[in-house]
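J.: I'll drop the sequence and a predicted model, then ask my questions.
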2 protein chains.
Amino acid sequence: MTDTPPRANGARVLADLNALRAIGTYKTGVHKPTFSDAHMRSLEWLAARLPEAQLAATIDGIGNVLGTSAKAGPKLLAGSHLESQNHAGWLDGPLGVIYALEAARVLNADPGISGAVEVASWCDEEGHFGSFLGSRSFVGAVMEAEIDAARDRNSDRTMRQALESVGLNGRARVTAERGRHIGYLEAHIEQGDRLETSGLKIGIVTSIVGIWQYRITFTGEQNHAGTTRMEIRKDAGLALARFCVAIDEAFPKICGPRTVWTTGRITLDPGAPSIIPGRADMLFQIRDDNPQVIDRLEAELRRMAAEVTAAGRVAVAVERIRTGVPALMNDAFQDAIEAASQVYASAKSVRMPSAAGHDAQVLSTIMPAGMLFVPSIGGISHHWTENTADADIITGAEVFVEACRLLLQRASGGVD
Amino acid sequence: MTDTPPRANGARVLADLNALRAIGTYKTGVHKPTFSDAHMRSLEWLAARLPEAQLAATIDGIGNVLGTSAKAGPKLLAGSHLESQNHAGWLDGPLGVIYALEAARVLNADPGISGAVEVASWCDEEGHFGSFLGSRSFVGAVMEAEIDAARDRNSDRTMRQALESVGLNGRARVTAERGRHIGYLEAHIEQGDRLETSGLKIGIVTSIVGIWQYRITFTGEQNHAGTTRMEIRKDAGLALARFCVAIDEAFPKICGPRTVWTTGRITLDPGAPSIIPGRADMLFQIRDDNPQVIDRLEAELRRMAAEVTAAGRVAVAVERIRTGVPALMNDAFQDAIEAASQVYASAKSVRMPSAAGHDAQVLSTIMPAGMLFVPSIGGISHHWTENTADADIITGAEVFVEACRLLLQRASGGVD
């Protein structure tokens, strides 16, 4: 083939991303919780665009938007999500959806391309109601009982009430047609600062880390904050603070090169200024792509807890409440992204794991999957100031469309 | 005078305390929040008893119960409070009220005693609506605007709504008639374990500690708990934990012999498992009877905060939100309690500061004041298991009545 391959239209991509930012704008970002009015209008906006890419649009019973092609040849699924964290950034989700739409627009209409890109917007990747409910529904991993039990973490309404209010209750959920897709490709902002600090433009995701979560509970003795001498106190809150500091001293010696750990929430009970806390608990999370590293860290956590408990003042209990499943990205997909980066990003790419969870990890359970990252300014994420330079957004779109083209070509048995 | 002095009736004291426990019982303690039905019935119970002590009863516009004597001679004011902390002990408050009632019953009817004991039950010592609202109203320190603004910490109702619902709104508040009383005497459970561990029966309070309170705020940078490398994090929660541990290392080197400090509440913001806290704050309290010790500790707190801030990762702000005013108990009152302890407690008494706040500190701003403690089993307080041995309750009553007698006698210019 000697023709110039079709290329992403950068201006169109930026215009589409800004059109989505205009729905549910918050400062320079957006506020689009799952099933909010702004979220639903974003889904409808996408559904209205899909015919431009020769795709038939469906919004299914869990809020997934799916664009299906009637074109012959291999089908590559691509997408991301359109809802946001509360008061968060404009690109987290929409970037991957618009790249997918752009790839479909560029490639599906081209008679020189065998096959098509199909577009998906997965509902609730941000977890307002659950954990990857949209993509997990598509791969067949969500039973009705899970939806029955799901609640909005922003309010007290159930998922059923939310589905009813947006007119989706009772609508069928679409699940994957096995064998239809050669795989799934997703683009996303990096959400970290590795690309920016290295002057790179494209992250080629090798794996998506697993998330392990723990509830660590401290039981001491509630007492009067005035009359109880320091020497006889059994202060659960102070024991918790000491534990956090001890973790931060112990973990760096035994963690992996990219392990991260976070105490996101602390509760002292009863939480009054004049009462020594008798109970305290913390939500603690570890992320890594290597379960053996987690085994080591969890054993250390349990050893530390036993040591504090044995000292006899405050009892510490470690309960694992979430077990991570790291996902490997497909080698051929990584190679396609790298080849596309050589053409459109001056080879300024790097292979790297994703420390954040993405729908690609769910899709990877039923088909080959790949992901690419574009740089995040200052590494900022889950905040309305999240941003990526326009030039980097355009470069990412060009690499994405080319990677899609290469993957379809490879599936058709063609060579470049 | 050669007659045996009048003595407390221990059985009657125990019966009265048990009668009050039977109103609003919770397990072996009580649940009597301010202006609850159980609290109001307790006030009415007391008002009905006061005539037995030749006192005219009033329940005033803030819920104070006052028993006034028409007897000639010096008047000693005595009392405590009848509401409880939520699900708390049966003696915290009622002990001092019943001792005062018993002293009035024993001494006011005795023609050999010049003067009388007047009884008070101060409303809301436990602070459901404010800080010592009842006793502060009596000394003239509560403006109407403070009552307008007060709210129930257990619910969202205003103090005005609560007063209305119990029929007290619009009723006059009684304030102290200057010069009427020779002073104020209050008995209370110790709420600590000092008397018990020393085998002593009576604590003679020398001073009531002041409470200084601080809000310490940590400002870092909120970020994604997966994608933000450990090295670049500005974790406000971890900084808070380190600060708590640092306080506990620094304070013992520079505190006073009885200083206590407590972190009662910790809040991480936003408090989600996958987000590095960008802000964190803690409520921190110090109690001591020596403001110079507090000056030293507060300076150290501010030095530590400046040091962390200067390191550049997380900024720490220390804001003092409550300034303690230690209250000295009157020497003659201490001497009277000691003399009474020699007669009725085999001199098993000790002079000691109170680490808890009491209405006596408020009354001490307008008249001489004194306090005595009885032992708390296991030092337990603000919990329904709070208790004192019956024999110790009786000993305390005998010492209290005798101390009242000695104070009235002294005021009449008499000698024993």
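T.: Sure, I can see it. Residues are numbered from 1 along each chain as shown, chains lettered A, B, ... in the order given.
J.: So in chain A, where's the weakest helix or strand by average pLDDT?
T.: Least confident helix or strand, chain A: strand A:223-224 with a mean of 88, by mean pLDDT, DSSP states H and E.
J.: Quick one: list the elements packing against it.
T.: For strand A:223-224, the packing partners by 3 or more C-beta pairs under 8 Å, 6 or more residues apart in numbering or on different chains; DSSP states H and E come out as strand A:275-276. For every residue, glycine as well, the C-beta is placed using N, CA and C.
J.: Give the pairing partners of the strand it packs on; include direction for each.
T.: Strand A:275-276 has its sheet partners listed here by DSSP bridges as strand A:223-224 (antiparallel).
J.: For the strand it pairs with, which outside residues touch it?
T.: Defining contact as C-beta atoms under 8 Å, 6 or more residues apart in numbering or on different chains, one finds that strand A:223-224 is touched by A:233-234, A:274-276, A:278, B:191-192, B:355-356, B:379-383.
J.: give me that answer again for 10 Å
T.: A:229, A:232-235, A:274-278, B:85, B:92, B:191-193, B:260, B:262, B:355-356, B:376, B:378-383, B:386 (C-beta atoms under 10 Å, 6 or more residues apart in numbering or on different chains).
J.: Report the buried residues of stretch A:160-179.
T.: Buried residues in stretch A:160-179, defined by neighbour count with 16 or more other C-beta atoms under 10 Å in any protein chain shown: A:Ala162, A:Leu163, A:Val166, A:Leu168, A:Arg173, A:Val174, A:Ala176.
J.: Using PDB, write out every CA atom in it.
T.: C-alpha atoms of stretch A:160-179 as PDB (Å, rounded to 0.1, in the frame of the first residue of the first chain):
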ATOM      1  CA  ARG A 160     -32.900   0.600  40.200                       C
ATOM      2  CA  GLN A 161     -34.400   4.000  41.100                       C
ATOM      3  CA  ALA A 162     -31.700   5.800  39.100                       C
ATOM      4  CA  LEU A 163     -32.300   3.500  36.100                       C
ATOM      5  CA  GLU A 164     -36.000   4.100  36.400                       C
ATOM      6  CA  SER A 165     -35.600   7.900  36.600                       C
ATOM      7  CA  VAL A 166     -33.500   7.900  33.400                       C
ATOM      8  CA  GLY A 167     -35.800   5.600  31.500                       C
ATOM      9  CA  LEU A 168     -33.500   2.600  31.300                       C
ATOM     10  CA  ASN A 169     -35.100   0.200  33.800                       C
ATOM     11  CA  GLY A 170     -36.300  -2.900  32.100                       C
ATOM     12  CA  ARG A 171     -34.300  -2.300  29.000                       C
ATOM     13  CA  ALA A 172     -32.100  -5.300  27.900                       C
ATOM     14  CA  ARG A 173     -28.400  -5.300  28.700                       C
ATOM     15  CA  VAL A 174     -26.200  -6.000  25.700                       C
ATOM     16  CA  THR A 175     -23.500  -8.600  26.200                       C
ATOM     17  CA  ALA A 176     -20.500  -9.400  24.100                       C
ATOM     18  CA  GLU A 177     -21.000 -11.600  21.000                       C
ATOM     19  CA  ARG A 178     -18.200 -14.000  21.500                       C
ATOM     20  CA  GLY A 179     -15.700 -14.000  18.600                       C
END
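J.: got the residues of the stretch 51-200 of chain A near chain B?
T.: Residues of the stretch 51-200 of chain A lying close to chain B by C-beta under 10 Å from any C-beta of the partner chain are A:Gln85, A:Asn86, A:Asp92, A:Gly127, A:Arg153, A:Ile189, A:Glu190, A:Gln191, A:Gly192, A:Asp193, A:Arg194, A:Thr197.
J.: Of all pairs in these, which one spans the longest distance?
T.: Farthest pair in those (C-beta to C-beta) is A:Arg153 and A:Thr197. Separation: 33.0 Å.
J.: low-scoring stretches of chain A, by residue?
T.: Applying pLDDT under 70 to chain A flags the ranges A:1-3, A:414-416.
J.: any idea how far the least confident helix or strand of chain A is from the chain center?
T.: Centroid separation for strand A:223-224 versus its chain: 44 Å, with C-alpha atoms, centre = their mean, to the nearest Å.
J.: A:Thr50 contacts A:Ala116, correct?
T.: In this structure residue A:50 is Leu, not Thr. No: with contact defined as C-beta atoms under 10 Å, A:Leu50 and A:Ala116 do not form a contacting pair (11.8 Å).
J.: and for the two, which residues touch both?
T.: A:Gly67, A:Thr68, A:Ser69, A:Ala104.
J.: quick revisit: compare A:Leu50 and A:Ala116 and say which is more crowded by neighbours.
T.: Per other C-beta atoms under 10 Å in any protein chain shown, whichever of A:Leu50 and A:Ala116 has more neighbours is A:Ala116, with 27 against 23.
J.: Spit out the contact partners of the nearest residue to that one once chain neighbours are set aside.
T.: Among residues not flanking A:Ala116 along the chain, A:Ser69 sits closest, at 3.7 Å (C-beta to C-beta, 6 or more residues apart in numbering or on different chains). By C-beta under 10 Å, 6+ apart, the contact set of A:Ser69 is A:50, A:53-56, A:75-76, A:104, A:107-108, A:115-119.
J.: try it again with 6 Å
T.: Residues near A:Ser69 by C-beta atoms under 6 Å, 6 or more residues apart in numbering or on different chains: A:Leu55, A:Asn108, A:Ala116, A:Glu118.
J.: what does A:Ala347 give?
T.: Going by C-beta under 6 Å, 6+ apart, A:Ala347 touches A:Ser341.
J.: And for A:Val142?
T.: Shown in contact with A:Val142 (C-beta under 6 Å, 6+ apart): A:Arg136.
J.: Cool, thanks, talk later.
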